[in-house]
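K.L.:
Model the following, please.
(one chain, ligands or ions: 1)
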Amino acid sequence: MPSLTSISKKMAETANLVLSPIGLKLSRSSHDWGDVSSFIPFEQTIIEAKNSGLPLGEYIDARQGIAGATQAVIDEMKRLGVFEQPLHTILEIGPGSGRYLERTLRECSPERYEIYETAADWAAYLIRTFPVLSQPTDGTHLRATPASSIDLVQAHKVFSTVTFVTTAGYWCEMDRVLKPGGYLVFDAMTERCLPPATIEAWAGRGIPSHSSYPAAMPSEAIEGFFSARQYRLVGSFLSPMPPGQTELFVFRKSSA
Ligand SMILES: C[S@@+](CC[C@H](N)C(=O)[O-])C[C@H]1O[C@@H](n2cnc3c(N)ncnc32)[C@H](O)[C@@H]1O
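P.N.:
As a prediction, this is how the structure comes out:
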């Protein structure tokens with residue numbers, strides 16, 4: 001039987017065959033997963049995206065071997081009704097390159113889009129590129145944002161990188177800043193994302209053992225926490241996060 005390593009090598013070879021016509025090549029990331037607050041290397045990623053001829057967000061999806069995955073998440077958020085009501089204010093934690101931010105702005109025109117991003121170079125790029133307000137961040141709180149002031153709070157692929165206490169603190173903060181009736185969208189690597197073969201694949205990824213990434217979280221804890229705070233689970237679905245998956249949750253806060 002072929003080993004997981006040989007299967008993933010074969011997958012990378014096949015992906016490179018698909019990507020080579022557009023000038024892309026999958027390679028071991030030079031990203032230091034021991035420091036999750038800095039995100040992927042800024043200048044290198046911008047240059048590689050430019051050379052590929054693809055928009056940045058599409059380049060990052062393609063490089064990760066998940067072309068179309070970001071748009072698929074936005075499409076599902078749309079199907080679940082997130083963009084049906086006017087979104088005057090949006091807050092995103094850890095937008096990174098802005099691949100979700102950019103697509104969110106295609107769906108609505110908020111008066112204010114706040115970001116809390118610990119990677120200073122990426123935050124500076126985002127304020128140069130999009131109509132967003134970068135808030136000062138200590139990596140744990142949303143202090144610059146008043147209570148009950150935001151219509152949509154989102155965080156993509158952030159809670160699988162930070163520690164449990166950071167996630168727990170952000171959940172309390174997200175609840176504080178969200179308006180009654182507002183939407184909360186985030187993902188976590190739940191038990192549904194961890195079949196045995198995926199656990200083995202993560203083990204072989206070469207991530208330093210002291211890294212907080214990838215962090216797992218039981219779906220029961222997520223649903224229990226927000227249900228206790230009067231949120232309704234509108235829907236949840238899986239999205240790729242190589243070498244496995246992550247589970248997206250869309251909650252709506254009670255308007256009472
Ligand atoms: C895995 S990346 C995901 C980026 C982006 N959301 C995406 O999916 O393309 C995690 C992002 O969260 C940021 N980040 C890490 N720790 C953070 C923290 N404590 N508070 C806010 N942002 C953080 C990183 O700099 C990075 O931009």
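K.L.:
Could you use CA atoms for every contact and neighbour count after this?
P.N.:
Noted.
K.L.:
For the stretch 1-150 of the chain, give me the ranges with low pLDDT.
P.N.:
Within the stretch 1-150 of the chain, the segments meeting pLDDT under 70 span 1-32.
K.L.:
what does it put close to the ligand?
P.N.:
Taking CA under 6 Å from any ligand atom as the contact definition, the stretch 1-150 of the chain meets the ligand at 36-39, 93-97, 99, 116-119, 139-140.
K.L.:
how about the closest residue to I207 other than its chain neighbours, secondary structure?
P.N.:
Of all residues not flanking I207 in the chain, W33 sits nearest, at 6.5 Å (CA to CA, 6 or more residues apart in numbering). Here W33 is coil, with the state taken from DSSP: H, G, I helix; E, B strand; the rest coil.
K.L.:
re the thing from before, show me which pair in the residues of the stretch 1-150 of the chain next to the ligand is furthest apart.
P.N.:
The most widely separated members of those are R99 and T140, with 22.0 Å between them, by CA to CA.
K.L.:
Report the contact partners of the closest residue to the ligand within the stretch 101-250 of the chain.
P.N.:
Across the stretch 101-250 of the chain, no residue is closer to the ligand than G139, which sits at 3.5 Å (CA to the nearest ligand atom). Residues counted as contacts of G139 (CA atoms under 8 Å, 6 or more residues apart in numbering) are Y116, E117, T118, T166.
K.L.:
The residue nearest to I207 touches P214, doesn't it?
P.N.:
No: W33 lies out of contact with P214 (CA atoms under 8 Å); the separation is 9.2 Å.
K.L.:
okay, these two: which has more neighbours?
P.N.:
Set W33 next to P214 and count neighbours by other CA atoms under 10 Å: W33 wins out with 21 against 18.
K.L.:
In space, not sequence, find me the middle residue of the chain.
P.N.:
H156 (1.9 Å; CA atoms, centre = their mean).
K.L.:
OK, contacts around it?
P.N.:
Shown in contact with H156 (CA under 8 Å, 6+ apart): I93, G94, P95, Y100, V185, F186, D187.
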